[in-house]
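> What follows is a predicted structure for the sequence shown.
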Amino acid sequence: MTAAPEEPGSESSEPTGPQVVRGSGDAAVAAAAERSAFTAGLNIADVPALPTTADTANLRLGAHLSDSNLIILPLVGVWRGEGEFVAPGSDVAVRFGQQVTISHDGRGFLRHESVMWLLDDAKTPASRELGWWRPQPDGEIELLIAHSEGVVEVFYGRATSLTSWNLSTDAVVRTTTAPSVTGATRLYGVVDGKLAYVEERATVEHALHPHTSALLERVAG
């Protein structure tokens, strides 16, 4: 039986919308080129702000700091300076520059970002890390750090004064290509308006030993 033609104005069960023309690689390339015409000249700083609360590293600007973060309030800011690290099994200290940004969006945690570069003629990019400071109601502080080298560390610790914090790892996860880190400790302190820290690290081959330290000036916040 032949289906009767649809009456004018009747609704069709077929999906509507733009029709896809298959089999045209040239058309796909042309469409991609058209889409990129606007974005090709833009970079990270040119992207419009997100439609939500923005991070701030300045306690005087932006979202109100959550009361949960008062125990780590002095850490908030953008810090920049120099430090040194010693590779496991080595006595040679390597100098580096570093910027640490600790910010918040009004919720009960701080965002942690560190960028390092070697103090050579090329200012060669070095280690990077991202993480979160998570203070708990009982005064304990969780610190999660993900390293660009493929290591993820979970620290627990507490404030040892109003401006110092001592933490040690409870768990370390690493990829098959990452350094053989098995544990670490970090001591942070704000001294005379500067952020100082010392990190000790243990590996499969070496017990806990001094690894990284730096003294950073506040440049924002």
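On my side now, so go ahead. Numbers count the residues shown, from 1 in each chain.

> what's around Glu140, how many residues?
14 (other C-beta atoms under 10 Å). To be clear about C-beta, it is placed using only N, CA and C from the backbone, and glycine gets the same treatment.

> That one contacts Ala159, correct?
No. In this structure Glu140 lies outside contact range of Ala159 using C-beta atoms under 8 Å: 9.8 Å.

> and the residue nearest to Ser161 when sequence neighbours are not counted, helix, strand or coil?
Nearest residue to Ser161, sequence neighbours excluded (C-beta to C-beta, 6 or more residues apart in numbering): Gly189, at 8.0 Å. Following DSSP: H, G, I helix; E, B strand; the rest coil, we place Gly189 in the strand state.

> Quick check, Gly189 in contact with Ala159.
No. Using C-beta under 8 Å, Gly189 makes no contact with Ala159, being 10.3 Å away.

> And the residue nearest the centre of the protein?
Nearest to the mean C-alpha position of the chain, by C-alpha atoms, centre = their mean, lies Leu130 at 2.8 Å.

> which SSE is the closest residue to Pro179 other than its chain neighbours in?
Once flanking residues are discounted, Pro179 sits nearest to Glu149: 5.7 Å by C-beta to C-beta, 6+ apart. Counting by DSSP states H and E, there is no helix or strand that carries Glu149.

> Against Asp55, how distant is Glu149?
Distance, Glu149 to Asp55, by C-beta to C-beta, to the nearest Å: 25 Å.

> Could you do Ala178 as well?
For Ala178 relative to Asp55 (C-beta to C-beta), the value is 28 Å.

> Give me the local confidence score for Thr39.
Thr39 is assigned 84 on the pLDDT scale.

> now the one 4 residues further on
Reported pLDDT at Asn43 in the predicted model: 94.

> ok, how many other residues are close to it?
7.

> How far off centre is the worst-scoring helix or strand of the chain on mean pLDDT?
Counting by mean pLDDT, DSSP states H and E, the weakest-scoring helix or strand in the chain turns out to be helix 25-39, with a mean of 76. Put simply, helix 25-39 sits 32 Å off its chain's centre (C-alpha atoms, centre = their mean, to the nearest Å).
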